[in-house]
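In: After the sequence you'll find the predicted model.
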Amino acid sequence: MTAPEQIRNFSIIAHIDHGKSTIADRLIQMCGGLSEREMTEQVLDNMDIERERGITIKAQTVRLDYTAKDGKAYVLNLMDTPGHVDFGYEVSRSLSACEGSLLIVDASQGVEAQTLANVYQAIEANHEIVPVLNKIDLPAAEPDRIKTQIEEVIGLPADDAIAASAKTGAGMAEILEALVTQLPAPIGDREAPLKALLVDSWYDAYLGVMTLVRVRDGVLRKGMKIRMMGTGATHVIERVGVFSPKPTPVDELGPGEIGFINAGVKTVSDAKVGDTITEERRLCDEALPGFAPSVPVVFCGLFPVDTNEFTGLREALEKLSLNDASFSFEAETSAALGFGFRCGFLGLLHMEVIRDRLSREFNLELISTAPSVVYQMHMTDGVRFDLHNPADMPEVTKIAEIEEPWIKATILTPDEYLGPVLTLCTERRGEQVDLTYAGNRAMAVYRLPLNEVVFDFYDRLKSVTKGYASFDYAVDNYRAGDLVKVSILVNGDPVDALSMIVHRDQAEGKGRAICIRLKDLVPRQMFKVALQAAIGGKVIARETIQALRKDVTAKCYGGDISRKKKLLEKQKEGKKKMRQFGKVDIPQNAFFEALKMGDN
Amino acid sequence: MSREDQSLGLYVHWPFCKAKCPYCDFNSHVSSQVDYAAFQTGMLAEMRHLASHLEQPSKLRSIFFGGGTPSLMPPDLIAAILAEAEQIFGFATDIEITAEANPTSVETAKLTGFKSAGVNRVSLGIQALDPAQLHFLGREHSVTEALAALALAQTIFERVSIDLIYGLPGQTPVNWQATLRQLLGLGLDHLSLYQLTIEAGTVFYTRQRQGDVLTGSDDVVAGLFEMTNATMEEAGLAAYEVSNYARDGHECRHNLTYWQAHDWLGIGPGAHSRFDRQGQRVGLATRRSPQSWLEMTALKGHAIETECVETPMGWANEMLMMGLRLKTGIDLNLIEQKCGPRQLWLDQNRLATHFEAGLLQFLEDHNGDRLATTAEGRLLLNSLLADITR
């Protein structure tokens, strides 16, 4: 156990690609956590896997042993934070376990929107913040300009920002020293009853349910009977350890320390993140504040391409949810797509990550429908409920009011692209909150309906700014909106998976855009196909796919049979990749692609 | 099935051409020196070997010399092959013996020799009657040569067919109909009229991938096809197959062998054989490279490289794929006899859909179990097959 005065707990805040992982690796290496060989073979691999896993980048923690210039030995606990907006929830709990943060900014790129959101969270958590300018070895580095930007955009003094390069090793010693001298030591009473924050929990194939904790008061020991104050469950601690970065057993964890315990917890959901852990025979008086639970805000339908894979998909979703309690799923039936699941996610990236994991780790080929948000429905008979799926929208006459979620979005962009960015926000029903400039970068803050953002807003933003803009958002509030359900009819039959809820003013334009896109996405069939968009019984747009005119092999004699048969099989394979809707074959990607508004 | 219904055909592949046409994906090679004696030995040996694969060799009802350019073969070689074939299999009294020929003066000079060797039908690769179109297609003959060759062939042979290609870029219905009318005026009983198709591995394929437009649009070509059928029908030549037109009784018997799933043997480089054996469908193919084929036949008496036995479903697919090319379609009972109950190989729900949509029909005059495309359905045959087969 280490005395609190010798401990510094810190997070790293950085935009993707600004060098968080490489700086972390360097610091681990300099503190002798691993040999040069282990560095390459172990940590990086481990972190790569974690990084690929995206969401389960469960607050990576590493304990570093560092002897400072004052000659004393310190324990530095690094707690990694996910960099993306969707995981703000995870960021907040990582931050709450630390006293300070390194703010890493690419010296050539500057501050990005996600960095901004996270740094504000750190300031709210009373963190001491140490700014670091990374990649100063790059020819494009402009440390002075970026310093000014940090001061103007974030409002943090940056004169003393450390000039660093994880690549050359420059500034690394200064960072370690700054952590010791600038960050406060944790405070805690070793003699008081145990009070520890359950920062995170996850399932490890070898060690079972791992619980990451930060001790505030008292001591955690092997054999101790603990109580989770929130759930009331009691467990006996089987193992106490720290990440060095390998899981390494220790005898105990005292105030200010960060480590893990294994305590016979069966499932991750039994170890509630944000819960307070105390000792069964000597309870602490008051629980820690904890965290607001994360709530799914984006929903989409996931359907197996091969209908026989439904059970496989269910099993995969169950397995993933073992480690990620933040997404939800329930069975859904679609006339167009068969049996699948309606899944809820924290945000768009979260959705992508889960979809990606389902296909890569479980070899599932999936059709996903366009994402939608959660609408609050107020019915004329006084009933209120949350609507997760546009296909379930009740009859218009029974609806008193529909409320939709709005977000507050922050967009940072080089000022040359500001015009198109503002146009995009206006098109998406945005309301400007703020517009400021720092150097040649502009920061636009907008309130936007999440429904306008959820699908392709980020793609469009990247496209109009050539990838230079960054974007962050937080859910703001619910507001009533003049919303209607637009149904898409193929040869007269509504395709449930393509229905959408939109603002009335945009219904016709969007309905037409979808019909036009579908016309390109659906191949010509052996008959004419009518594509219609309708609100209730009223058709608002119509396109026609002309019948296929010619698909016949001109020459087919004795020597051609085996080859032509292979072509026939290929054509049949292609058909299998389609969903039969009535008589019409619709390619699987159409259910997602058709709703992209793209460049219309 | 009785022996009389069973028909055996022999295909002879001559793999050489004077020049390679940019649209052709057949197994053809350009070679200045060909060892005819070696080919004769090889082909005769391979014919004997293939005959041993059949359960009960029946008499030949057709022989077809294809290529490549079989009109480059010496008449003596053709005579030797025919003599050997007659000795091994015997000839049916009405045997049809066709040779493909290019309408250049050099080759047409040999037509009498072919006739003496036993050939009784020629198929001339005229392809077009327009100098620009002939040039586009990379043909070595002129319009004048083509017409002269046709006239000559008609004096020598009772049965003459010609090949034409349409659907060229910029080709109009007027232009194409003029070509057809000109040729119909010459008293032909059989024509093969092909929509230009870009096949993988050809010069045209490469050019198309580079962005060249080498065919008319699907809509235009579909229009040309319908106009062709009407024009030919009016002249008394029915479209008995997707691309083949004949007066009654003048259909190419050898090609019907393929479409009606009868038995045939193929000799020469890259030739295919297909026949029934013990209730199964067997497919054989020989080596494609002429040199390699020569070496292997010299060594083993044949150059069979692949032998496959079809699954019942694969066989059913094959019979539907070939049979539905014919105006007379295919008898589903026949497929059932060979491949088992139709629900195994036919999606009857989809069939019903296309029946209602008027793309497929059951022919009344054949006990109602003979499935055929309608005029509209024939242009969509590949899509139909992909939909109704399992």
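Out: That came through, no problem.

In: ok, and the helix or strand in chain B with the lowest average confidence?
Out: None of the helices or strands of chain B scores lower by mean pLDDT, DSSP states H and E than helix B:105-108, at a mean of 80.

In: elements contacting that one?
Out: Here helix B:105-108 is seen to pack against helix B:143-156 when contacts are counted using 3 or more Cβ pairs under 8 Å, 6 or more residues apart in numbering or on different chains; DSSP states H and E. All C-beta spots, glycine's among them, are computed from the backbone N, C-alpha and C.

In: which other residues reach the helix it packs on?
Out: The contact list for helix B:143-156, computed with Cβ atoms under 8 Å, 6 or more residues apart in numbering or on different chains, reads B:101, B:103-105, B:107-108, B:111-112, B:115, B:122, B:124, B:126, B:129-131, B:134, B:141, B:160, B:162, B:186-187.

In: Those, buried ones only, as a PyMOL selection?
Out: Restricted to buried positions by 16 or more other Cβ atoms under 10 Å in any protein chain shown, the PyMOL selection for the contacts of helix B:143-156 reads:
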select buried, chain B and resi 101+103+104+107+108+111+115+122+124+126+129+130+134+141+160+162
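
In: about what we covered before: with just CA atoms, put the least confident helix or strand of chain B into PDB.
Out: C-alpha atoms of helix B:105-108 as PDB (Å, rounded to 0.1, in the frame of the first residue of the first chain):
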ATOM      1  CA  SER B 105     -12.200 -16.900-101.100                       C
ATOM      2  CA  VAL B 106      -9.500 -19.300 -99.900                       C
ATOM      3  CA  GLU B 107     -11.800 -21.200 -97.700                       C
ATOM      4  CA  THR B 108     -14.800 -21.300-100.000                       C
END
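
In: Run through who's touching it.
Out: With Cβ under 8 Å, 6+ apart as the test, helix B:105-108 has contacts from B:Thr69, B:Ser71, B:Leu72, B:Ala101, B:Glu145, B:Ala148, B:Ala149, B:Leu152, B:Ala153.

In: Could you save the residues you listed as TSV and add columns showing distance to A:Asp137 and pLDDT?
Out: Output for the contacts of helix B:105-108, formatted as TSV (distance: Cβ to Cβ, whole Å; pLDDT from 0 to 100):
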residue	distance to A:Asp137	pLDDT
B:Thr69	69	94
B:Ser71	75	95
B:Leu72	72	94
B:Ala101	76	95
B:Glu145	76	95
B:Ala148	81	95
B:Ala149	78	95
B:Leu152	84	96
B:Ala153	82	96
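
In: out of those residues, which are buried?
Out: With neighbours counted by 16+ other Cβ under 10 Å, the contacts of helix B:105-108 contain buried members at B:Thr69, B:Ser71, B:Leu72, B:Ala101, B:Glu145, B:Ala149, B:Leu152, B:Ala153.

In: which among the residues you listed gets closest to A:His503?
Out: Among the buried ones among the contacts of helix B:105-108, B:Thr69 lies closest to A:His503 (Cβ to Cβ), at 69.2 Å.

In: and the closest residue to the closest one other than its chain neighbours, bridged to which residues?
Out: Distances taken as Cβ to Cβ, 6 or more residues apart in numbering or on different chains place B:Cys17 nearest to B:Thr69, at 4.7 Å, with adjacent residues excluded. Beta-bridge partners for B:Cys17, by DSSP bridges, are B:Val30.

In: so what's B:Cys17 up against?
Out: Counted by Cβ under 8 Å, 6+ apart, B:Cys17 has contacts B:Ser28, B:His29, B:Val30, B:Gly67, B:Gly68, B:Thr69, B:Leu72.

In: now those in a markdown table, with secondary structure?
Out: Putting the contacts of B:Cys17 into a markdown table (DSSP: H, G, I helix; E, B strand; the rest coil) gives the following:
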| residue | secondary structure |
| --- | --- |
| B:Ser28 | coil |
| B:His29 | strand |
| B:Val30 | strand |
| B:Gly67 | strand |
| B:Gly68 | coil |
| B:Thr69 | coil |
| B:Leu72 | helix |
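
In: closest to chain A among the contacts of helix B:105-108?
Out: Checking those against chain A by Cβ to the nearest Cβ gives B:Thr69 as the nearest, at 15.6 Å.

In: quick revisit: can you flag the buried ones in the contacts of B:Cys17?
Out: Among those, those buried by neighbour count (16+ other Cβ under 10 Å) are B:Ser28, B:His29, B:Gly67, B:Gly68, B:Thr69, B:Leu72.

In: Those residues: which two are farthest apart?
Out: So, the buried ones among the contacts of B:Cys17 by Cβ to Cβ: farthest apart are B:His29 and B:Leu72, at 11.4 Å.

In: Next, show the common contact partners of those two.
Out: Residues touching both B:His29 and B:Leu72 (Cβ under 8 Å, 6+ apart) are B:Phe16, B:Cys17.

In: in the stretch 101-250 of chain B, which spans are helices?
Out: B:105-108, B:111-117, B:131-136, B:143-156, B:173-184, B:203-209, B:218-234 (DSSP state H, counting those that start in this stretch).

In: Tabulate those (JSON lines), appending distance to A:Lys577.
Out: Below are those laid out as JSON lines (distance: least, Cβ to Cβ, whole Å):
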{"stretch": "helix B:105-108", "distance to A:Lys577": "48"}
{"stretch": "helix B:111-117", "distance to A:Lys577": "50"}
{"stretch": "helix B:131-136", "distance to A:Lys577": "37"}
{"stretch": "helix B:143-156", "distance to A:Lys577": "46"}
{"stretch": "helix B:173-184", "distance to A:Lys577": "37"}
{"stretch": "helix B:203-209", "distance to A:Lys577": "23"}
{"stretch": "helix B:218-234", "distance to A:Lys577": "22"}
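
In: And those: which comes nearest A:Phe339?
Out: For A:Phe339, the closest of these is helix B:218-234, at 37.4 Å, according to Cβ to Cβ.

In: so does that closest one get close to chain A?
Out: Yes: on the criterion Cβ under 8 Å from any Cβ of the partner chain, helix B:218-234 is in touch with chain A at B:Asp218, B:Asp219, B:Val221, B:Ala222, B:Phe225.

In: Give me the buried entries from the residues you listed.
Out: Among the residues of helix B:218-234 next to chain A, the ones that count as buried by 16+ other Cβ under 10 Å are B:Asp218, B:Val221, B:Ala222, B:Phe225.

In: In chain A, where is pLDDT below threshold?
Out: The model of chain A has pLDDT under 70 over residues A:16-17, A:33-60, A:81-90, A:290-294, A:322-323, A:325, A:596-600.

In: Show me which residues of stretch B:139-147 are buried.
Out: Buried residues in stretch B:139-147, counted by 16+ other Cβ under 10 Å: B:Arg139, B:Glu140, B:His141, B:Glu145, B:Ala146, B:Leu147.

In: what's the closest residue in space to A:Leu521 that isn't next to it in sequence in contact with, if anything?
Out: Closest residue in space to A:Leu521, ignoring its immediate chain neighbours: A:Ala590 at 4.2 Å, by Cβ to Cβ, 6+ apart. With contacts defined as Cβ under 8 Å, 6+ apart, A:Ala590 is in contact with A:Leu518, A:Leu521, A:Val522.

In: Look at whatever residue of the stretch 151-300 of chain A ends up closest to chain B and say how many residues are nearby.
Out: Relative to chain B, the nearest point of the stretch 151-300 of chain A is A:Cys300 (30.7 Å; Cβ to the nearest Cβ). Neighbours of A:Cys300 under the rule other Cβ atoms under 10 Å in any protein chain shown: 24.
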